[in-house]
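> need a structure here:
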Amino acid sequence: MIDMQYINGLETEMDIMKLVDNYNEIKSILQQYPQEQWSYEMILAYARALNYLQDYSEQTNPFEQAYGLLQTVSDKGNTDAEWHLIMASVSFNLQLYAEAVKHAEQANTIIAGCADDMLALYSQYD
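Numbers count the residues shown, from 1 in each chain. Model (predicted):
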C-alpha cells in the first residue's frame, strides 16, 4: 500500500535542492501501482510531480499527461482549491492561458488569495 503520509512529507520539504529528488521519488513510488488504484490525493501528487519535473524522457508531454490525469478527477476537484491550483499551473504550461486564469480565479473563490500570484502572472498572457 502507498504511504500517503510519507508522500505528503516529501511534498512539504521546502529545501529547493530536495524538491527534484522528492518529486522523482513520488513519481517512482506511484508508478509502481496501477493508476486505477490511485486515490484522488495520489493523482494530485503525481500531476504535481509531472508539472514540476517537466520530464520529457517518456514519449508523452508531462503537462499533457498531468492535464489528462487531473481531468479524470475533475468532479471531485471542482470544489478543491488545490486541484484548481495544479490545473492552473498545468494549463499555463500548456499555453492554455484563459483556462489557467479561470482555474486560478476558481481557486481564489474557494480559498481567498491563494492564487493571487498566479493571477498576476497569468493575466499578462490571457
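> Now do stretch 103-123: distance from first to last residue.
12 Å (CA to CA, to the nearest Å).
> what does it contact?
Contacting residues not belonging to stretch 103-123 are listed as 79-82, 84-85, 87-89, 91-92, 97, 100-101 [CB atoms under 8 Å, 6 or more residues apart in numbering]. C-betas here are computed from N, CA, C, even on glycine.
> Count residues in the vicinity of C114, would you?
By other CB atoms under 10 Å, the residues close to C114 number 16.
> Extract the residue ranges of the protein that are flagged as low pLDDT.
Residue ranges of the chain with pLDDT under 70: 1-4, 6-19, 55-59, 126.
> Mind naming the longest helix for it?
In the chain, ranked by residue count with DSSP state H as the criterion, the top helix is helix 16-31.
> That one packs against which elements?
Using 3 or more CB pairs under 8 Å, 6 or more residues apart in numbering; DSSP states H and E as the contact criterion, the neighbours of helix 16-31 among helices and strands are helix 4-12, helix 40-53.
> angle of it against helix 40-53?
Inter-element angle recorded for helix 16-31 and helix 40-53: 130 degrees (by axes from the mean of the first three to the mean of the last three CA atoms, to 10 degrees).
> Next, the buried residues of helix 16-31.
With burial defined by 16 or more other CB atoms under 10 Å, the residues of helix 16-31 counted as buried are 19, 22-23, 26-27, 29-30.
> As a markdown table, the residues you listed with distance to I111 would be great.
As requested, those are arranged in a markdown table below (distance: CB to CB, whole Å):
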| residue | distance to I111 |
| --- | --- |
| L19 | 23 |
| N22 | 24 |
| Y23 | 23 |
| I26 | 23 |
| K27 | 27 |
| I29 | 28 |
| L30 | 26 |
